[in-house]
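Visitor: Just to be clear, the model below is a prediction. Sequence and coordinates:
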Amino acid sequence: MDIINANTAMLSNFEVLELLSSLRGKGDQPRNQSGSLATITYETIKYLEGTPAAVQSDICLKKFLDEVKKFGLTKKEKTMLLNLRPTTAVEISLIVQSAEQDRLTEEQTEELIEIIQNTLPAKTD
């Protein structure tokens, strides 16, 4: 099998969880589906239910994406912020790659953390 375009689309953990849950709920899995594919689907859903994706919604994702437009983040950076829901400046600095040292100021980093806290719900156990 050849990969034609490896970067066709990037999905957040929330989108993957929604897709797998809807497929499992509708019974859209082929009858001849191998046991290993069913296991992978189950384990993926189980893992994602323990992440912030389990409490996110379409509305909070859209609100988050609208509010972070001003930072000029790449699609990959936005996806990682959605998936990981960082809460500290150190975590942000590891996600936001910078060609130059000061891509985000300290104030922008704090504002980004505040946006994350206000728009993306936290997973509580």
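Guide: Cool, the structure landed. Residues are numbered from 1 along each chain as shown.
Visitor: Residue 120 contacts residue 64, correct?
Guide: Yes - between residue 120 and residue 64 there is a contact under CB atoms under 8 Å: 5.7 Å. All C-beta spots, glycine's among them, are computed from the backbone N, C-alpha and C.
Visitor: Report the buried residues of whatever helix or strand residue 92 lives in.
Guide: Per DSSP states H and E, residue 92 falls inside helix 89-95. Using 16 or more other CB atoms under 10 Å as the test for burial, helix 89-95 gives 91, 92, 95.
Visitor: Give the other helices and strands that it contacts.
Guide: Judged by 3 or more CB pairs under 8 Å, 6 or more residues apart in numbering; DSSP states H and E, helix 89-95 is in contact with helix 75-84, helix 106-119.
Visitor: okay, these in CSV with distance to residue 58, mean pLDDT and mean neighbour count next?
Guide: Below are those laid out as CSV (distance: least, CB to CB, whole Å; pLDDT from 0 to 100; neighbours: other CB atoms under 10 Å):
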stretch, distance to residue 58, mean pLDDT, mean neighbour count
helix 75-84, 12, 93, 18
helix 106-119, 12, 94, 15
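Visitor: Redo those as JSON lines? Include distance to residue 60.
Guide: Converted to JSON lines, the helices and strands packed on helix 89-95 look like this (distance: least, CB to CB, whole Å):
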{"stretch": "helix 75-84", "distance to residue 60": "9"}
{"stretch": "helix 106-119", "distance to residue 60": "5"}
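Visitor: That's all I had, so thanks and see you.
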